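1. I'll drop the sequence and a predicted model, then ask my questions.
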Amino acid sequence: GQSLEQPSEVTAVEGAIVQINCTYQTSGFYGLSWYQQHDGGAPTFLSYNGLDGLEETGRFSSFLSRSDSYGYLLLQELQMKDSASYFCAVSPPGSARQLTFGSGTQLTVLP
Amino acid sequence: SQTIHQWPATLVQPVGSPLSLECTVEGTSNPNLYWYRQAAGRGLQLLFYSVGIGQISSEVPQNLSASRPQDRQFILSSKKLLLSDSGFYLCAFTGPLGAQETQYFGPGTRLLVL
């Protein structure tokens, strides 16, 4: 089976940098994904790490270290609109690519 | 472009009543399809997934079932709803071959069982 752990809540101020960590236990997986979900909305894809290292997409970056069973999402130049829940997720080997999600981190950005 | 539709957006049903939620995808062929459920303030729980017409895999034993009668149609059903079936139901599909690391979610259905 697979399990992922994330902090339940993170608070930061506008313009700051915040890192959301994700540790996992899994027997194997394709890669680590990150999704954003605003209150009342559907999750939207943010980033994917298939290989170890850093992936950068605008203000968001994501990192994976398979040897440490650890990844993180880094959000820079925080904006009020970044207040949302952030989920890490993995998919096991196989063709279905179904996702197992962490419990999510609620990010609150303060003015 | 690829789009995904779910309906209804909200639903209030009495305990013991049947359920049918529909999800359709446009702009792609032979997608992998998924049903997730999210309880208030919680993460997403995978319920069912399908890699082709008539092929359904269940992740969690429960009183729900899923069917895929057409390539781009995925249906979630129940014969008798329980209070514990309340939640936010999300349908999703993967991108085309070579881009399957991304899942695209529909707008979801909020189900309240009373």
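-> Thanks, I have the structure now. Since the model is a prediction, treat every value here as computed from it, not as a measurement.
2. low pLDDT regions in chain A?
-> For chain A, residues meeting the criterion pLDDT under 70 lie at A:95.
3. could you say which helix or strand contains residue 89?
-> By default, I'm working from chain A. strand A:84-90 (DSSP states H and E).
4. Wait, chain B was what I had in mind.
-> strand B:87-94.
5. Would that strand count as contacting chain A?
-> Yes: legend: contact between strand B:87-94 and chain A by CB under 8 Å from any CB of the partner chain is shown at B:90, B:94. C-beta here means a position set from N, CA and C on the backbone, and glycine is covered the same way.
6. In this model A:Gln36 seems to touch A:Ser47, though I could be wrong.
-> No: with contact defined as CB atoms under 8 Å, A:Ser47 does not count as touching A:Gln36 (9.6 Å).
7. For the two, indicate the residue with more neighbours.
-> A:Ser47 (24 against 19; other CB atoms under 10 Å in any protein chain shown).
8. Can you name the residues bridging to that one?
-> Following DSSP bridges, A:Ser47 is listed with bridge partners A:Trp34.
9. which residues does it contact?
-> For A:Ser47, the contact set (CB atoms under 8 Å, 6 or more residues apart in numbering or on different chains) comprises A:33-34, A:55, A:57, A:60-62, A:73.
10. Tell me where the chain has strands.
-> Picked chain A for this. With DSSP state E as the criterion, chain A has strands at A:3-5, A:9-13, A:18-25, A:32-37, A:44-49, A:53-57, A:60-65, A:70-75, A:84-90, A:100-101, A:105-110.
11. My question was about chain B, not that one.
-> Secondary structure of chain B (DSSP E): strands at B:3-7, B:10-13, B:19-26, B:33-38, B:44-52, B:55-58, B:64-70, B:73-78, B:87-94, B:103-105, B:109-113.
12. Just put those in JSON lines and tack on mean neighbour count.
-> Output for those, formatted as JSON lines (neighbours: other CB atoms under 10 Å in any protein chain shown):
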{"stretch": "strand B:3-7", "mean neighbour count": "16"}
{"stretch": "strand B:10-13", "mean neighbour count": "14"}
{"stretch": "strand B:19-26", "mean neighbour count": "18"}
{"stretch": "strand B:33-38", "mean neighbour count": "25"}
{"stretch": "strand B:44-52", "mean neighbour count": "20"}
{"stretch": "strand B:55-58", "mean neighbour count": "14"}
{"stretch": "strand B:64-70", "mean neighbour count": "16"}
{"stretch": "strand B:73-78", "mean neighbour count": "19"}
{"stretch": "strand B:87-94", "mean neighbour count": "24"}
{"stretch": "strand B:103-105", "mean neighbour count": "21"}
{"stretch": "strand B:109-113", "mean neighbour count": "18"}
